[in-house]
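Trainee: Just need the structure, nothing else, for what follows:
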Amino acid sequence: MIIKLERVKVQSRKSEEAIDITAQIDAVVTNSGVKNGLVNVMTLHTSSGLLVTEGIPCLEEDILTHFSRLFPEDQDYHHRRYLDFDGRLGFNADAHLKSLLGGINCFFAIENGKVVRGSRQTIYFMEYDGPLERTYVVQVLGE
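Mentor: From the prediction side, this is the model:
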């Protein structure tokens, strides 16, 4: 059994952004040597996420637009206060809620050394609180 974990950095350029990471995931799987197994991708941040959907710019915009409508930045969130436990002001509740709704990880099967995806499935790192350098992990398990 092969088990490999790779940390991948991604730099967002906007406050909210959908970044296509499909090619990076494919490369990690190819370099792992796993022929059949599973790959798990997970963000290490509570104000970002991972989504799998059709990879077209108009849909990327729709996702970000509708998340912003559901969770506007300027609402009176309970998180918008001084946080005693870390000495900082909570200001990004909307980003945390978008992360909860969209999810923080995705799994795919690996067959014959390739990630098994639908022909239109694209893997996105979702930035909800940028621009920032972020890290996600890719864990490959199999034989």
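Trainee: just for this structure, where's the confidence low?
Mentor: The chain contains residues with pLDDT under 70 at 81-82, 89.
Trainee: can you map out the strands along it?
Mentor: With DSSP state E as the definition, the chain shows strands at residue ranges 2-11, 17-20, 37-43, 48-54, 82-83, 88-89, 105-111, 114-115, 121-127, 133-142.
Trainee: export those strands to TSV and tack on mean neighbour count?
Mentor: (Glycine included, C-beta is placed from N, CA and C.) Listed next are the strands of the chain as TSV, based on neighbours: other Cβ atoms under 10 Å:
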stretch	mean neighbour count
strand 2-11	13
strand 17-20	18
strand 37-43	19
strand 48-54	19
strand 82-83	10
strand 88-89	10
strand 105-111	15
strand 114-115	16
strand 121-127	22
strand 133-142	18
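Trainee: The ones you listed: which one's closest to residue 61?
Mentor: strand 17-20 (8.4 Å; Cβ to Cβ).
Trainee: which residues does the residue most central in space within the chain contact?
Mentor: With distances taken as Cα atoms, centre = their mean, the chain has residue 50 as the residue nearest its mean C-alpha position (2.5 Å). By Cβ atoms under 8 Å, 6 or more residues apart in numbering, the contact list for residue 50 reads 41-43, 102-106, 123-126, 136.
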